[in-house]
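>>> Build me a model:
(chains A and B)
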Amino acid sequence: MRKERTLTALLLAALLLVLAACGNDKEAEGGSSSSADSGKQENVELRMMWWGSQSRHDATLKVIELFEQKNPHVKINAEYLGADGYWDKLNTLVAGGNAPDLIQLGNNYPDYVSRGTLLDITPYIGNQIDLSGFDEAIATSGKLNGSQYGVNLGSNALGIVYNTELIKKAGMEPPKEGWTWEEMEAYGKQLVDKLGKGYYAFADQSAFTHYVGNYVRENGKSLFNGTEIGFDESIAKSWFEMWDRFRKEGIIPPAEKAAAYLEIAPDNSMLVEGKIAMSIIWSNQFVAFQNAMQDELKIVPLPGGGSQKGMWIQPSQFLAIGKDSKHPEEAAQFIDFFVNDPEATAILGSDRGIPGNKSVREVLKANADPVLLKTYEYMDVAVNYAREMDQEMPNIADWDAALRNAAQKVAFGKSTYDEAAAETVKAAQDAVKKSQK
Amino acid sequence: MNQAAKPNRMRNYFIGLWKKNAVPYLFLLPWFLGLFVLTLGPMISSLYLSFTDYDLLSPARWAGTANYEKMLNEDARYAQSLKVTLTYVFVSVPLKLAFALAVAMLLNKGLRALHIYRTLYYIPTLLGGSVAIAVMWRQMFGADGLLNGFLYSAFGIEAPDWVSNPKYALYSIIALTVWQFGSSMIIFLAGLKQIPPELYEAAEVDGAGKARRFLSITFPMLSPVMFFNLVIQLIGSFQAFTQAFIISRGTGGPIDSTLFYTLYLYQKGFSQFEMGYASAMAWVLLIIIGFFTAIVFGTSRYWVHYGDGGRS
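All right, here's what the predicted structure looks like:
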C-alpha cells in the first residue's frame, strides 16, 4: 500500500513536469519579447528556412555562422530541405502559427502576401536594408501594390542548353541565338536524322509552365496579367498541336519516355544521359547540369519569332520576413548582410542566380570559373531577348499539375488538342479564381 | 433517507474504484493523453474542417456541405482517384494473399533452412516504400529496364515502359505491392503450423487428394488467419500512398493513372492549399473503408471457421 502511494505520487509528479514543460514554452517566448524594451543587446533567436541542393545548404550555413560571429547576440536556427517537400513544410508551419522569421520564396510570393504571411518590409528599406547598389528593376522586384515584401536573391532566365558533343557528332553547326520556332524545328529534324535511332533533338517540355509563358508572351499575351489569365484556348491549342507534331516527327521522345523523365533537375534528365541534344532550363541550373555530365554544354536564348519578345529576366528567389517575427529588425539586418556583405556574397556565389548588387556581381564574375562564366555571359545576351516580366499566376502549382495532365493526354493520344486546350484554360481560371475568393 | 443514501453510495463506489485502480489508470494516462491530444482532437477538428473552406494560411470559413458536393458531383480527378484506388485494392489484395499463402505452404513443407527463407522473403516487406525500391522498380520495369531487356533478348518482344505508360503504370505498382507479401506470409505460416498434422494423416488414409485436403482442412483451419490478413490488407491498401508517391514523383501520373486516393488527398491539402476539401476526402475514405470492412465482417460467419465454434 505504501509502495503504491509512492508510485502514485511519482507518476503525478512526472505528469506535472510534462504539463509544466508544455506551458513553459509560451511564457519563455513572451518573456524575451518584453525584455526587448529594456535591454539593449538582448539575445535574439531567428529561424530561417530555405530550399536547395547540398552546395546551397553548405554555403548558406557558412554565411549564417559568419553573421553570428559579427553579431554575437543573434542566433539563427536553420531549417533547410530540398525543393520537393519545401512548400508542404512551409505551409504546415505557417498554418500552425509557427512561421520562420526568414523565409525563402519564389515568384509565388504574392500567394503568401494575399494570405497575410509576410511582413511589409518597406520601412526597413534604406535603413537596415540597403538596396542602393541594386539595379532599379531588381531592387523593386519584391514589390506588390506599392509595398515591398522580399529582397531579390538573384536573377535568372530560361535558356536552351545544348550538348556540344552530340551536335559535333551530327556534324552540324551549333544552334544560334534569335531562332524562330520553324528554324528550330527544321534544325531538330536534321539533327535527329544524322544522330539516328535512340537520340532526340529536344526534351518534351510541353508541360513546362514557364515555357508556355514564353510562348504566349511572344504572341503578345501573358499567362496572368495581374487580375485574370491573359491567354485563350486558341493559343493553348496551337501549343499542344506544335508539340504533337514534334513528337510525330521524332524530334522529341515518345510519350512513354517523356513521362519517365521530368527534365527539371539533372538527376532525372535525358539531356544528362546524352540522349537528348537540347533542353530548356533556368540559367542558375546551368552549373548543376554541367557538373552532372561529361559533354560540354552551352546555352542560348529560347526560340522567338512572334510579335513580341517572349523571354524575361526574373528573380529566382526572394528572402522575406514572416509577419509574426518578433525581431524583424535583426531579420532585416541579416537580409542586408546576405545580399551586400562582400564576404557573405562571395561564399554564396551565384547559386541563387546572378546577384542584384552590381559590385557583388562584378566581383563574382571576375572570379568565375569557365562554367559559371557562361551563365554570366548568357545573362548579358538574354537581356536583349527579354521584356518586363508578368506577375506570376496565383496558385501556379494547381495549374502546373493540370497542364502536365493535359499535355500527357495529348502525348498518349487520350485527348484532342481542343480538349487539352479547354482543360488548360479552365484550370488556369480556377487557379486564379481561388486566390480571389 | 433513501434518497440521501444513493448519491453517497455512488460516491463511495467511485472512490472505491479509484482506490482500487488508481495505479493502473495512472499507467494508462500517457496513452489516454495520446488518444485525446493526438488522435481524437485532430479527428474532431478534421471533421469540422471538412465543412469549411480552409487554405491552411488564413482562418477556416464555414462552407456547409460544399466540399462534399463538389467531390461527388464535379471533381473528375476525385472520381479518377477513387477508380484507381478501388482497382488497386481489388486486384492487389487477393493477389498478395494468394501469393503469400502459396509461399507459406511451400515453406511449410519442412524445409531444412526454413528460417533463412523466411527472412529472405520478409526482406521486401521491411524495405517497404523506400526510395531505393522505387528507383529499383523503375530500373526493372522502365523502357530500358531488366524485364524489357530480357523480353527482347529472349523473345524479340519490344515491350512498353511499364512504369510510364498509363495503361500499365498502376499494375507495376500492384506488382510492387504483391512482391512485399512477407508479413502476410509470416502470419499464414504461423497459422499453418497450428494445424494438427493428424488431420492430414487421417484424410490421407481416407483417400483424400491434394485439392480435397486443401479445401477441407487447410482452408477452414486457416480461415481465421485469412480473415485477419484480409481485413488488415484491405484497410492498408485503401490507404496506400508511398509507392505511388515515390514512383510517380508525387504526381500520380502519367495522366493520373496512379492517382491514389490518399495521394490526391495529399495534393489537395498540401500543394493546393485546400485543407477543407482534403479533410472531407479523408472522412469519405473512412466511410468507404468502414463499409468494405463491415462487408468482410458480415460475411465472415459464412466462411470463417473457429475450432471452438466461434465462442472465443
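
>>> now for the helix or strand encompassing residue A:424, which elements pack on it?
Using DSSP states H and E, residue A:424 maps to helix A:417-436. Judged by 3 or more C-beta pairs under 8 Å, 6 or more residues apart in numbering or on different chains; DSSP states H and E, helix A:417-436 is in contact with strand A:222-224, strand A:229-230, helix A:233-249, helix A:396-411. C-beta: built from backbone N, CA, C; applies to glycine.

>>> Quick one: closest of those to chain B.
When these are compared by C-beta to the nearest C-beta, helix A:396-411 sits nearest chain B, at 4.8 Å.

>>> Now do that closest one against helix A:233-249: the angle between them, please.
Put simply, helix A:396-411 runs at 50 degrees to helix A:233-249, going by axes from the mean of the first three to the mean of the last three C-alpha atoms, to 10 degrees.

>>> Report whether helix A:396-411 contacts chain B.
Yes: applying C-beta under 8 Å from any C-beta of the partner chain, one finds helix A:396-411 touching chain B at A:397-398, A:401, A:404-405, A:408-409.

>>> could those residues be laid out in CSV, adding distance to residue B:87?
Formatted as CSV, the residues of helix A:396-411 next to chain B follow (distance: C-beta to C-beta, whole Å):
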residue, distance to residue B:87
A:397, 27
A:398, 26
A:401, 21
A:404, 22
A:405, 19
A:408, 19
A:409, 19
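
>>> Now do the strands in the stretch 51-200 of chain B.
B:52-53, B:61-62 (DSSP state E, counting those that start in this stretch).

>>> With mean neighbour count and distance to chain A as new columns, can those be given to me in a markdown table?
Supplementary listing: the strands of the stretch 51-200 of chain B in a markdown table, determined by neighbours: other C-beta atoms under 10 Å in any protein chain shown; distance: least, C-beta to the nearest C-beta, whole Å:
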| stretch | mean neighbour count | distance to chain A |
| --- | --- | --- |
| strand B:52-53 | 20 | 7 |
| strand B:61-62 | 10 | 9 |
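
>>> In JSON lines: the ones you listed, plus distance to residue A:115.
Supplementary listing: the strands of the stretch 51-200 of chain B in JSON lines, determined by distance: least, C-beta to C-beta, whole Å:
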{"stretch": "strand B:52-53", "distance to residue A:115": "13"}
{"stretch": "strand B:61-62", "distance to residue A:115": "13"}
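
>>> And the contacts of the helix holding residue A:424?
For helix A:417-436, the external contacting residues (C-beta atoms under 8 Å, 6 or more residues apart in numbering or on different chains) are A:111, A:114, A:223-224, A:228-229, A:231-234, A:236-237, A:239-241, A:244, A:393-396, A:398-399, A:402-403, A:405-407, A:409-410, A:415, B:273.

>>> For ChimeraX, write the selection for the buried entries among those residues.
Here is the ChimeraX command that selects the buried residues among the contacts of helix A:417-436 (16 or more other C-beta atoms under 10 Å in any protein chain shown):
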select /A:111,114,223,224,229,231,233,236,237,239,240,241,244,393,394,395,396,398,399,402,403,405,406,407,409,410,415 /B:273
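
>>> Give me the domain ranges for the chain.
No chain was given, so I picked chain A. According to automatic domain parsing, chain A comprises the domains A:43-155+A:315-374, A:158-311+A:394-436.

>>> oops, I was thinking of chain B
If you go by automatic domain parsing, chain B breaks into B:1-37, B:66-303.

>>> How about the longest one and chain A, touching?
The one in question is domain B:66-303. Yes: contact between domain B:66-303 and chain A, assessed by C-beta under 8 Å from any C-beta, occurs at B:138, B:142-143, B:160-161, B:163-166, B:249-251, B:253-256, B:267, B:270-273, B:275.

>>> Off-centre distance for that domain?
Offset of domain B:66-303 from its chain centre (C-alpha atoms, centre = their mean, to the nearest Å): 8 Å.

>>> Kindly report the same for the shortest one.
Between the mean C-alpha point of domain B:1-37 and the mean C-alpha point of its chain there is a distance of 37 Å (C-alpha atoms, centre = their mean).

>>> Then stretch A:282-302?
Its chain's average C-alpha position is 17 Å from that of stretch A:282-302, according to C-alpha atoms, centre = their mean.

>>> And the residue nearest to residue A:274 when sequence neighbours are not counted, how close does it get to chain B?
Nearest-residue entry for residue A:274: residue A:295, 6.3 Å, with adjacent residues in sequence omitted and distances by C-beta to C-beta, 6 or more residues apart in numbering or on different chains. From residue A:295 across to chain B, the span is 20 Å (C-beta to the nearest C-beta, to the nearest Å).
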